[in-house]
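Visitor: how does the following fold in three dimensions:
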Amino acid sequence: MEQPTARPVPQPTLASADFWAAGGDGELRIARCGDCSALTHPPLPRCRSCRSPAMAMAPVGGRATVAGFTVNHQQWLPGFPPPYVVAIVVLDEDEEARLTTNIVNCDPSDVHVGMRVRVLFEKAGDVHVPLFEPDPDRPEPAGTVPGPPARRPVPRPMASPRKFEDRVALTGVGQSAVGRRLMADPLSLTADACLAAIADAGLTPADIDGLATYPGPAPGGMSEGGAMALEEALRLRPTWVNGCAETPGQIGSIVSAMLAVAAGLCRHVLCFRTVWESSHTALVRDCRWHVGGGPATGMTEWRLPFGAASAANWIACQASHYFHRYGGGRETLGWIAVTARRHAALNPDAVYRDPLTMDDYLAARMVTTPFGLYDCDVPVDGAVAVVVSAAETAADRPRPAVLVEAAGTQITERLSWDQGTLTHLPQSLGPSAHLWSRTSLRPGDVDVAELYDGFTFNALSWLEALGFCEFGGAADFVDEGRGIALDGRLPLNTHGGQLSAGRTHGYGFVREAMLQLRGEAGARQVPDARVAVVSAGGGVPSGALLLRADR
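Guide: Down below sits the predicted model:
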């Protein structure tokens, strides 16, 4: 078919070149194992099922079923006008082989989970992009839900009865100014938060012997430059440093600091996270900051050619599958957003504090179904820092320490946005199960939940993954906001979360949990809060912490 849009083109790799070339003869080819016949997508050097190296691209029938989808209404990419449908389709030959794609040649409002589709190809530059259209030759069985149902994974048993968590304490926390388009040097925000955290712990910069951050140097307003940049700014002379993106979510950097302290390498590690997305976007819009172009590479190779430029698109596909399987609709998500705003009204540091009603939520512009404007977190500029100290030093600190009961980090599914769990946020089930395997506490012992809400569906997924309610039970648990209010059964995102307080990318939840457990949350304080759970990572990978008060 003719190219109707300025579709971004992928950069074929040595592994993927045959996939992108296959459409030249009108045939879809997927990597197939020569030993067990399992299909693997994207192509990998070993079979996902039996680990055999006998992998080769093989033709498949090109017929599939829609497992999740979103109608995108946001103009993410120039020359790729909305609305258009981004979907995850399950190939007929293997329900664990899925493609992110576009559904074309039909009205977007006609697309639904369970829809039977067939492949066609669009030539874009030198590659052939597989798209799917309704399959007129196949009737749809009523009620079919493609893909396996959610299952609670069984984590590995503890490798040792000695928990590294018992050897550490969170002794200090600090935050810089947080706001929209502050136009401040991001490294200055980092320094402000870090020095505040050091002072909060009753320490001096000379006491800091470790640095940990997420993700290290990164583009797009997502980093101030990493541990090396902060060291140059503050001259801390650490014994140990760590900064990388491949951790159990953003708070994986805090877990790495805990490990360094528990191993005896450090006594006080300064952990920090800085974003300046809001200012970066403004600079790009004003042509004062130039971003590179070129073919889509890495993870975006399998997303950008279909206009799936944002995690909003990727996660919305899971949300549509969830609602098809369990029922319910946007109101369930809306109560999470409305309740977060009520909590933010009590937080003087929150970016948005004006009242938000369900009518406001439902009337807001659509971004990518089922997500409207208030389902999406707020890009901001700001930094948060946390000090991880050796447990034996906690008594010498001026403020009550926050103890770490357990960390949940295990990976139990494919690290993928479309090949793993379809019912919930990817990579939320494994860390949740792992967390509870490292403690005798149970969900009923938790007083406060600070759960990652890059989108409302993220928080819903964490509620169910952590066992606060059964799969599909979030609507009843949320109870039109009553269940997650400050005086509800489980106060959720008591500072307003990232939906209203601003996206400080995981660290803001740790800060709020520490304030709650220290009894310092002001008007939003949950009475006698003793145990808090924190999750971070808006997808892959992710992690969770169970914290408790030492007071």
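
Visitor: now the helices for the stretch 251-400 of the chain?
Guide: Assigned by DSSP state H, counting those that start in this stretch, the helices in the stretch 251-400 of the chain fall at 252-262, 277-285, 311-326, 330-344, 358-363.

Visitor: which strands and helices lie in contact with the shortest one?
Guide: Under the contact criterion of 3 or more C-beta pairs under 8 Å, 6 or more residues apart in numbering; DSSP states H and E, the helices and strands touching helix 358-363 comprise helix 330-344. Backbone N, C-alpha and C define where each C-beta goes, glycine included.

Visitor: quick one, the helix it packs on and helix 311-326 angle?
Guide: Helix 330-344 runs at 120 degrees relative to helix 311-326, counting by axes from the mean of the first three to the mean of the last three C-alpha atoms, to 10 degrees.

Visitor: in helix 330-344, which residues are buried?
Guide: Within helix 330-344, the residues scored as buried using 16 or more other C-beta atoms under 10 Å are 330, 332-344.

Visitor: just stretch 226-239 next, same as before
Guide: Here stretch 226-239 shows 226-227, 229-230, 233-234, 236, 238 as buried, counting by 16+ other C-beta under 10 Å.

Visitor: repeat for stretch 297-306
Guide: 301-306.

Visitor: buried ones in the lowest-mean-pLDDT helix or strand in the chain, by neighbour count?
Guide: Every helix and strand in the chain was compared by mean pLDDT, DSSP states H and E; the lowest is helix 277-285, with a mean of 89. Buried residues in helix 277-285, defined by neighbour count with 16+ other C-beta under 10 Å: 277-283.

Visitor: equivalent analysis for stretch 22-34, please.
Guide: Across stretch 22-34, burial judged by 16+ other C-beta under 10 Å covers 22-23, 28-33.

Visitor: now do stretch 112-120
Guide: The neighbour-count criterion (16+ other C-beta under 10 Å) identifies 113, 115-120 as the buried residues of stretch 112-120.

Visitor: ranges for the helices of the stretch 401-550 of the chain?
Guide: Using DSSP H, counting those that start in this stretch, helices in the stretch 401-550 of the chain cover 429-436, 456-465, 474-478, 497-500, 507-517.

Visitor: what about the last one, average pLDDT?
Guide: Meaning helix 507-517. The average pLDDT within helix 507-517 is 98.

Visitor: and Val105, what are its phi and psi?
Guide: Just to correct that, residue 105 is Asn rather than Val. Torsion angles at Asn105 (phi, psi; degrees, to the nearest 10) stand at phi 60, psi 30.

Visitor: low pLDDT regions in the stretch 101-250 of the chain?
Guide: Scanning the stretch 101-250 of the chain for pLDDT under 70 picks out the ranges 142-143.

Visitor: for it, which segments count as helices?
Guide: Using DSSP H, counting those that start in this stretch, the helices of the stretch 101-250 of the chain run over 186-200, 227-234.

Visitor: need those in JSON lines (columns: distance to Thr423).
Guide: Shown next, in JSON lines, are the helices of the stretch 101-250 of the chain (distance: least, C-beta to C-beta, whole Å):
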{"stretch": "helix 186-200", "distance to Thr423": "36"}
{"stretch": "helix 227-234", "distance to Thr423": "37"}
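
Visitor: can you tell which of these is closest to Cys271?
Guide: Cys271 sits nearest to helix 186-200 of all these, at 8.4 Å, using C-beta to C-beta.

Visitor: show me which residues of the closest one are buried.
Guide: Within helix 186-200, the residues scored as buried using 16+ other C-beta under 10 Å are 186-198, 200.

Visitor: same thing with stretch 528-536?
Guide: With burial defined by 16+ other C-beta under 10 Å, the residues of stretch 528-536 counted as buried are 529-536.

Visitor: of those residues, closest to Leu77?
Guide: Nearest to Leu77 among these: Ala536, at 27.9 Å, using C-beta to C-beta.

Visitor: contact partners for that closest one?
Guide: The contact partners of Ala536, by C-beta atoms under 8 Å, 6 or more residues apart in numbering, come to 249-252, 452, 505-507, 509-510, 542-544.

Visitor: which intervals of the stretch 251-400 of the chain have sub-threshold pLDDT?
Guide: In the stretch 251-400 of the chain (pLDDT under 70), no residue qualifies.

Visitor: apply 90 and report the result again.
Guide: Scanning the stretch 251-400 of the chain for pLDDT under 90 picks out 281-295, 299.

Visitor: right, and Gly220 touches Leu283 too?
Guide: No: using C-beta atoms under 8 Å, Gly220 is not in contact with Leu283, being 11.1 Å away.

Visitor: so who does Thr274 touch?
Guide: Contact analysis of Thr274 by C-beta under 8 Å, 6+ apart lists 176, 186-187, 189-190, 193, 213, 223-224, 382-383.

Visitor: let me redo that: Leu189
Guide: By C-beta under 8 Å, 6+ apart, the contact set of Leu189 is 176-177, 182, 224, 274, 276, 381-383.

Visitor: how much space between Ala344 and Glu413?
Guide: For Ala344, the distance to Glu413 equals 33 Å [C-beta to C-beta, to the nearest Å].

Visitor: quick one on the thing from earlier: which one of the helices of the stretch 401-550 of the chain lies closest to Phe371?
Guide: Phe371 lies closest to helix 456-465 among the helices of the stretch 401-550 of the chain, at 7.4 Å (C-beta to C-beta).

Visitor: buried residues in the closest one?
Guide: Buried, per 16+ other C-beta under 10 Å, within helix 456-465: 456-465.

Visitor: what angle separates that helix from helix 311-326?
Guide: Going by the same axes, to 10 degrees, helix 456-465 makes 50 degrees with helix 311-326.

Visitor: need the contact list for His128.
Guide: If you count contacts by C-beta under 8 Å, 6+ apart, His128 has them with 20-24, 121-122.

Visitor: grab the nearest non-local neighbour of it.
Guide: The shortest distance from His128 to any non-neighbouring residue, by C-beta to C-beta, 6 or more residues apart in numbering, is to Gly23 (2.7 Å).

Visitor: spatially, which two of the buried residues of stretch 112-120 are the most separated?
Guide: Across the buried residues of stretch 112-120, the longest distance by C-beta to C-beta is 20.7 Å; it joins Val113 and Leu120.

Visitor: re the thing from before, dump the buried residues of stretch 297-306 into TSV; add distance to Gly488 as well.
Guide: Converted to TSV, the buried residues of stretch 297-306 look like this (distance: C-beta to C-beta, whole Å):
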residue	distance to Gly488
Glu301	43
Trp302	40
Arg303	37
Leu304	41
Pro305	44
Phe306	40
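
Visitor: and the residues you listed, which is closest to Glu93?
Guide: Using C-beta to C-beta, Trp302 is the member of these that lies nearest Glu93, at 18.9 Å.

Visitor: cool, thanks, talk later.
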